[in-house]
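**Student:** Got a predicted model here, sequence first, then my questions.
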Amino acid sequence: MKTPQLRPKERRKIESFIKKFKSARQNKMELVEKVFSTIKNEFRSTLHLGGGMKATDLLKKDHKKVKSLIKKLKSASSDKMALVARIEEEIKIHSRCEEQIFYAEMKKIDSERVAEATEEHHQVDVILAELKEMTGGEGEVFDAKVTLLEENLEHHIEEEEGEMFPEAEKKLKGQLENLGSEIKYLKAELKVKGRKAA
Ligand SMILES: [Fe+2]
Ligand SMILES: [Fe+2]
């Protein structure tokens, strides 16, 4: 992939944000967001040069990460709620990227499958909300909720990786790298926003 270059005007804009960031006492995250959107707008066209990771591969990477975090939660004896918060952040960002970028394209090919998958995201959100209301000290009741979350996710991931992604590999072949780049940028942006809200 060609290395994107900033135009002088955009470079000056970012340099001034960085200068402000260094001396700012507050609103630092706002400045980070401004840098992000300047870079994103600037590189929107360069983003589509391809050569990056395919959307399906990126999403599979997220699946692996969430699965390993749940495994960690299942064997944790303390700080369970910190792990729940981490899992929630990962899942919410992942689902949003899928729906906004990947599902939006898939919908044109297989709207029924996308509708079902979106409903499954909703089900997972409901379980996550209930889990967040807990303290982690509920013993078997907490464990049962985590198992329910795990089973729902496993079923959903199996359908995505086993059916939806192979369909995308066939029918969205030429677009998967561009979609991957868009997911990467949205993900980074959502992470910054999440930290700002925390
Ligand atoms: Fe997924
Ligand atoms: Fe999904």
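**Tutor:** On my side now, so go ahead. Residues are numbered from 1 along each chain as shown. Ligands and ions are numbered 1, 2, ... in the order given.
**Student:** CA only for contacts and neighbour counts going forward, please
**Tutor:** Noted.
**Student:** what's downstream of the helix or strand bottoming out on mean pLDDT in the chain, the next helix or strand?
**Tutor:** When the helices and strands of the chain are scored by mean pLDDT, DSSP states H and E, helix 28-47 comes last with a mean of 71. Sequence order places helix 55-75 as the next helix or strand after helix 28-47, per DSSP states H and E.
**Student:** average model confidence for that next one?
**Tutor:** Helix 55-75 shows a mean pLDDT of 97.
**Student:** residue ranges for the helices of the chain, please.
**Tutor:** Counting by DSSP state H, one finds helices in the chain at the ranges 8-23, 28-47, 55-75, 80-97, 104-106, 111-132, 140-159, 165-171, 176-197.
**Student:** contact partners of the fifth one?
**Tutor:** Outside helix 104-106, the residues within contact range by CA atoms under 8 Å, 6 or more residues apart in numbering are 114, 168.
**Student:** Which residue ranges make up the domains of the protein?
**Tutor:** For the chain, automatic domain parsing gives the domain ranges 8-47, 55-197.
**Student:** The shortest one: which residues count as buried?
**Tutor:** Buried residues in domain 8-47, counted by 16 or more other CA atoms under 10 Å: 10, 14, 17-18, 21, 28, 31-33, 35-36, 38-40, 42, 47.
**Student:** got it, and stretch 64-74?
**Tutor:** Residues of stretch 64-74 classed as buried under the neighbour-count rule (16+ other CA under 10 Å) are 66-67, 69-70, 73-74.
**Student:** Rebuild these as CSV, extending it with distance to Leu149.
**Tutor:** Shown next, in CSV, are the buried residues of stretch 64-74 (distance: CA to CA, whole Å):
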residue, distance to Leu149
Val66, 11
Lys67, 11
Leu69, 12
Ile70, 9
Leu73, 11
Lys74, 11
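**Student:** Pick out whichever of those sits closest to Lys108.
**Tutor:** Ranked by distance to Lys108 (CA to CA), the buried residues of stretch 64-74 are led by Val66 at 27.7 Å.
**Student:** Where does the prediction get shaky in this protein?
**Tutor:** 1-5, 40-51, 198 (pLDDT under 70).
**Student:** Just give me the closest of the buried residues of stretch 64-74 to Arg96.
**Tutor:** Among those, and counting by CA to CA, the member closest to Arg96 is Val66, at 14.7 Å.
**Student:** The residue nearest to that closest one when sequence neighbours are not counted: how many residues sit nearby?
**Tutor:** The shortest distance from Val66 to any non-neighbouring residue, by CA to CA, 6 or more residues apart in numbering, is to Ile87 (6.5 Å). By the criterion of other CA atoms under 10 Å, Ile87 has 19 neighbours.
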